[in-house]
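Enquirer: Quick check, what structure comes out for this input:
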Amino acid sequence: MFDSSMATSIAVFPIILMSWLAATAGALSSGMLFHSCSGDLYAIPSPYYSNLRQLLGNLLAATPASRMLFSMDSIGPRDDPLIYGMAQCRADVSETVCADCLASASLEAVNGTCHGIKSTAIRMALCVLRYADYRFFTILEGPLSFITMMNEDTTRWKEAMVIRGMIRLLISQASVSEQRIAAGQRVIDSNPQSPVVYGMAWCVMDLTPQDCSKCLETVFDRYDACCFNRIGGGSISTSCIVTYDRHPILNATRIVSPFDAPQPSSAPQSPPPDNGEQLSSPIEPRKHSKLIEPVLIASMSLAILTIALLGVILIRRRWSIHLNGKELDVAEEGSTKEPFLINLTSLKAATNNFSDENKLREGRFGPIYKGTLLSGKQIMVKRLTQTSTQDLAILKNEAALVSQLQHKNLVNLMGCCLQENEKLLLYEYLPNASLDKYLFDATERARLDWNTRHAILEGIARGLFYLHDLSRLRVIHRDLNASNILLDDDMNPRISEFGLAKLVGFDQSQFYTEKIAGTSGYMAPEYAWRGAFSHKSDVFSYGMLVLEVVTGRRNGSFIEMGNSLNLQTYVWQHWVEGTAKEVIDDVLGGMYALEDVLRCLNIGLLCIQAEPAQRPTMASALLMLSGANDSLPAPALPGYFTGTTTRSHWLESQRSDGITETYL
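Expert: Below you'll find the model as predicted:
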């Protein structure tokens, strides 16, 4: 444990944590490789935030000073802690570098990527930091991983086989290493000019050897499936990382190669291997590397040869599907939601030959059917009936995106079929159909009490928040509307229809297109008029959904007191008149807390502001929806405003304690 002086420093540390982080987070802050943010939100200030500050202080003080550069801690009662945390630095770094890296990770977690989220993992180039409101120690997280650092150099087949053999051996070494890390290098062939490839496999230390090996195998398989023909890259998850490059990855002075290690004087010197390989042993924690017996060298060489041969035979499975002469090549991924191919005969049987009785609804690009596989599992089949190049691109876009997204508020892609000119996508069947079937039907709407409606709005917000900020792919949906929100058995929402979705970079904020597509009334003004779209375009669509859910009215024009209005104008005018209660759906029968419903109306109006910068992010909207913000800014005129307003109402709409809110 700690001495008294360290205990004193830890007690003081939370007080100065934020300022210290800001001062020390230098160049390493740009070295974030992976982040995972999930779970509930916390407010600032709040008890959770106070406990988090204390936890980070403990971890940042203890980890660099530990022999293993690793520590775990928890805050709260011994039998029921309130928050758990873990920190680990790469075994080859100094204490100072470790401290700086963890400071950068903490700053990124608290003030950046995962701001306000209770369950957070940040993996930097040289360290990993994690905390959550549940005990995650020794638990191998799910298959989610992020592929990064892909160079454009195309390798030869021989290079690919050598790299695979090296990584497989590093995985076996790292899983049994005390610090769960191994690094090495290989010369591609015996040619003196042959390039050297360096590799590393690294797990968090609380994993068992079996789980470490499983994690490393999974992330490497994901990288191998997509990028085996490139040198330089890696695959990362919350629990582990595999990477290789033509440049050294670790501090070589802390690594002893088993082929260069001095042998005991009683043993004869082993000749150097004739295959040109050089593979380093796992890094040992702050001590001299163990001597490697010659028999181990022979075993390792045999293992390498075996792995290389198996690599030739068991090439990573891929599915290559021809679409009218064009190849759609989708790599299978090591995920619990891995899509599969199913033959057309099975789908015809499942849907009664796509009969009208099995038809659920008409989608944007064709009908959607209910089906039952021979196993008894129910599915939803989307049938693309249009065959233009653009429509095929939309199908490919949806399949590629949804297969890599995993969230409880997104629809789950199960597979696809492309035979006999059919283009079919298979999704899990959701029995409660889409939100519009309930919201705009006088009878069905009665099933949506206020608690259910609020939960639906929160679920949609969480799904969008994941797409915009938490997924390893940053996605703008571009077609969010009530018919594209599906409901499961428990009326939990699932965002669907990703055909128009756009994959964007994290360093880009706005995009333009000449092909404007979406649903009228839900498209943001800047998108409908100029083709400009961003994540704030999805925020606008979400705001329109909020107004529909609260009012029970369909988005569009209607007559109110002799005037032709659209929904946002109708709601905003009642808002500024102080009569917002009148727009609440009568079907609710007053069974709600008025403050909560008015809060949702406020959020909806903020989301549909005419200017994108005035709209909140989905992270901010989710915090507002959860009640984390006690007071909300007053909304200004919404986009597509069609009514009239007095100067006093306009000024009132701009006032929020003298502060103009701008959301970035």
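
Enquirer: how about low-confidence regions in the stretch 251-400 of the chain?
Expert: 252-340, 386-391 (pLDDT under 70).

Enquirer: Let's see that with 50 instead.
Expert: 255-338 (pLDDT under 50).

Enquirer: Next: the chain.
Expert: Scanning the chain for pLDDT under 50 picks out the ranges 1-30, 143, 145, 149-150, 152, 154, 255-338, 646-664.

Enquirer: Mind telling me what element residue 183 is part of?
Expert: Using DSSP states H and E, residue 183 sits within strand 181-187.

Enquirer: What is that strand packed up against?
Expert: helix 157-176, strand 196-203, strand 277-278 (3 or more Cβ pairs under 8 Å, 6 or more residues apart in numbering; DSSP states H and E). Every residue, glycine included, has its C-beta placed from N, CA and C.

Enquirer: Minimum distance to residue 620: which of these has it?
Expert: Proximity to residue 620, assessed across the helices and strands packed on strand 181-187 by Cβ to Cβ, is greatest for strand 196-203 (35.1 Å).

Enquirer: that older thread, return the most buried member of the helices and strands packed on strand 181-187.
Expert: Ranked by mean neighbour count under mean count of other Cβ atoms under 10 Å, the helices and strands packed on strand 181-187 are led by strand 196-203, which reaches a mean of 25.

Enquirer: just how off-centre is that one within its chain?
Expert: Using Cα atoms, centre = their mean, to the nearest Å, the distance from the centre of strand 196-203 to the centre of the chain it belongs to is 25 Å.

Enquirer: for this structure, what's the longest strand?
Expert: The strand that spans the most residues within the chain, counting by DSSP state E, is strand 32-41.

Enquirer: And the helices and strands packed on strand 181-187: which comes nearest residue 524?
Expert: So among the helices and strands packed on strand 181-187, strand 196-203 is nearest, using Cβ to Cβ, at 43.0 Å.

Enquirer: Run through the neighbouring helices and strands of that closest one.
Expert: helix 157-176, strand 181-187, helix 209-227, strand 240-245.

Enquirer: Output the last one as CSV, nothing but the C-alphas.
Expert: Below are the C-alpha coordinates for strand 240-245, written out as CSV (Å, rounded to 0.1, in the frame of the first residue of the first chain):
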residue,chain,number,x,y,z
CYS,A,240,-6.4,-5.3,-25.7
ILE,A,241,-4.5,-4.1,-28.7
VAL,A,242,-2.5,-5.8,-31.5
THR,A,243,-0.3,-3.7,-33.8
TYR,A,244,2.6,-4.1,-36.3
ASP,A,245,4.6,-1.7,-38.4
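
Enquirer: ok, back up a step: tell me what whichever helix or strand comes after the longest strand of the chain is packed against?
Expert: Moving toward the C-terminus from strand 32-41, the next helix or strand (DSSP H and E) is helix 47-65. Counting contacts by 3+ Cβ pairs under 8 Å, 6+ apart, helix 47-65 is packed against helix 4-24, strand 70-75, strand 83-89, helix 95-111, strand 127-132.

Enquirer: how much space is there between the residue nearest to the spatial centre of the chain and residue 408?
Expert: By Cα atoms, centre = their mean, the chain has its centre lying nearest to residue 471, at 1.9 Å. Look at residue 471 and residue 408: by Cβ to Cβ, to the nearest Å, they are 13 Å apart.

Enquirer: quick one on the thing from earlier: any idea how far the strand holding residue 183 is from the middle of the chain?
Expert: When C-alpha coordinates are averaged (Cα atoms, centre = their mean), strand 181-187 and its chain have centres 30 Å apart.

Enquirer: Could you check the angle that strand makes with strand 83-89?
Expert: Here the directions of strand 181-187 and strand 83-89 differ by 30 degrees (axes from the mean of the first three to the mean of the last three Cα atoms, to 10 degrees).

Enquirer: State the number of residues packed around the closest residue to residue 47 other than its chain neighbours.
Expert: Leaving aside its sequence neighbours, residue 47 sits nearest to residue 82 (Cβ to Cβ, 6 or more residues apart in numbering; 7.5 Å). Neighbourhood size, residue 82 [other Cβ atoms under 10 Å]: 15.

Enquirer: just residue 362 next, same as before
Expert: 11.

Enquirer: Tell me the bridge partners for it.
Expert: Note on residue 362: beta-bridge partners residue 367, judged by DSSP bridges.

Enquirer: wait, isn't it in contact with residue 369?
Expert: No - judged on Cβ atoms under 8 Å, residue 362 makes no contact with residue 369 at a distance of 10.8 Å.

Enquirer: what sits against the residue nearest to the centre of the chain?
Expert: 405, 407 (Cβ atoms under 8 Å, 6 or more residues apart in numbering).

Enquirer: picking that back up, between the helices and strands packed on strand 196-203, which gets nearest to residue 341?
Expert: Relative to residue 341, the nearest member of those by Cβ to Cβ is helix 209-227, separated by 15.3 Å.

Enquirer: Each with direction, which strands does the helix or strand following that closest one pair with?
Expert: Next helix or strand after helix 209-227 toward the C-terminus (DSSP H and E): strand 233-236. Note on strand 233-236: by DSSP bridges, its sheet partners are strand 146-148 (antiparallel), strand 240-245 (antiparallel).

Enquirer: mind checking how far strand 233-236 is from the chain centre?
Expert: Using Cα atoms, centre = their mean, the offset of strand 233-236 from its chain centre is 15 Å.

Enquirer: Please apply the same query to stretch 39-55.
Expert: For stretch 39-55, the distance to the chain centre is 22 Å (Cα atoms, centre = their mean).

Enquirer: Quick one: end-to-end distance for it.
Expert: From its first residue to its last, stretch 39-55 covers 18 Å (Cα to Cα, to the nearest Å).

Enquirer: List the buried residues of it.
Expert: Using 16 or more other Cβ atoms under 10 Å as the burial criterion, the residues of stretch 39-55 that qualify are 41-42, 48-55.

Enquirer: And for stretch 89-97?
Expert: Neighbour-count burial for stretch 89-97 [16+ other Cβ under 10 Å]: 89-93, 97.

Enquirer: Just put those in TSV and tack on distance to residue 183.
Expert: TSV is the format used below for the buried residues of stretch 89-97 (distance: Cβ to Cβ, whole Å):
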residue	distance to residue 183
89	15
90	10
91	9
92	8
93	13
97	16
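
Enquirer: now, which of the residues you listed sits nearest residue 113?
Expert: Set against residue 113, the nearest of the buried residues of stretch 89-97 by Cβ to Cβ is residue 89 (19.5 Å).

Enquirer: and the closest one, what are its bridge partners?
Expert: Bridge pairing for residue 89 - DSSP bridges - gives residue 127.

Enquirer: That one and residue 100 touch, don't they?
Expert: No - between residue 89 and residue 100 there is no contact under Cβ under 8 Å: 9.8 Å.

Enquirer: where along the stretch 301-450 of the chain do the helices fall?
Expert: All helices of the stretch 301-450 of the chain, identified by DSSP state H, counting those that start in this stretch, fall at 344-350, 389-402, 435-439, 450-465.

Enquirer: Could you pull out the buried residues of the first one?
Expert: So that's helix 344-350. Quick answer for helix 344-350 (16+ other Cβ under 10 Å): 347, 350.
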